[in-house]
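Enquirer: Need a 3D model of the following:
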Amino acid sequence: MKYCFSLFTLFIFLIASQSIHAAAGDDFSLDSTNGKISLSQYKDKVVYIDFWASWCTPCRKSFPWMNKMFSKYADQGLEIIAISLDSGKKATERFLAKNPAMFTIAYDPDGKVADSYNVQVMPTSYLIGRDGTLLMTHKGFRTDHEQALEEEIKKALN
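Expert: Numbers count the residues shown, from 1 in each chain. Below you'll find the model as predicted:
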């Protein structure tokens with residue numbers, strides 16, 4: 001009986017491991033407004049990663065807030081990487097013409113990085129600590145969440 005339980009446990013583990021995505025905070029390499037970037041190049045920084053798309057209505061509200069956070073905390077070590085999931089750069093450029101960004105914009109047109117982070121709604125953001133660990137995940141964006149998100153950023157910077 002003990003042997004059967006071990007085989008059953010192994011079988012369940014193997015099936016479950018097939019559906020596990022890479023953990024948020026895993027390194028990536030993407031084209032961006034600052035050339036090729038990777039998460040690992042921001043070691044010792046607090047990184048706010050935001051997955052967004054031009055068709056996303058809440059994303060229009062998140063960009064001014066991210067600009068404010070970047071202006072306020074960049075000198076303390078905050079980096080913001082907003083990863084566009086648009087299939088082409090034209091839609092991204094149109095969005096950015098109306099919603100300018102002071103922070104880095106990266107491009108994930110095939111959604112591979114978004115898939116590895118298990119992004120399911122727009123926008124989805126992740127706060128990565130200076131040591132590379134995931135500190136927070138936030139789905140969606142509402143202005144009444146701004147203060148709580150800022151508190152998480154301040155906590156990570158201290």
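
Enquirer: D131 and K43, how far apart?
Expert: 9 Å (Cβ to Cβ, to the nearest Å). All C-beta spots, glycine's among them, are computed from the backbone N, C-alpha and C.

Enquirer: Show me where this structure dips below the pLDDT cut-off.
Expert: Regions of the chain meeting the criterion pLDDT under 70 cover residues 1-25.

Enquirer: now the strands: where do they sit in the protein?
Expert: 29-32, 35-38, 46-52, 78-84, 104-107, 124-128, 134-139 (DSSP state E).

Enquirer: Buried deepest among those strands, which one?
Expert: strand 46-52 (a mean of 25; mean count of other Cβ atoms under 10 Å).

Enquirer: quick one: strands adjacent to it?
Expert: strand 78-84 (parallel), strand 124-128 (antiparallel) (DSSP bridges).

Enquirer: Let me have these in a markdown table, adding distance to D108 as columns.
Expert: Putting those into a markdown table (distance: least, Cβ to Cβ, whole Å) gives the following:
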| stretch | distance to D108 |
| --- | --- |
| strand 78-84 | 5 |
| strand 124-128 | 12 |
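
Enquirer: So which of the ones you listed is nearest P109?
Expert: strand 78-84 (7.8 Å; Cβ to Cβ).

Enquirer: What are the contacting residues of the closest one?
Expert: Outside strand 78-84, the residues within contact range by Cβ atoms under 8 Å, 6 or more residues apart in numbering are 30, 32, 37, 39, 42, 45-54, 63, 66, 69-70, 92, 95, 101, 103-109, 113-114, 153, 157.

Enquirer: that older thread, I'd like the strands of the chain written out as CSV, with distance to L149 added.
Expert: Below are the strands of the chain laid out as CSV (distance: least, Cβ to Cβ, whole Å):
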stretch, distance to L149
strand 29-32, 22
strand 35-38, 22
strand 46-52, 9
strand 78-84, 12
strand 104-107, 18
strand 124-128, 8
strand 134-139, 6
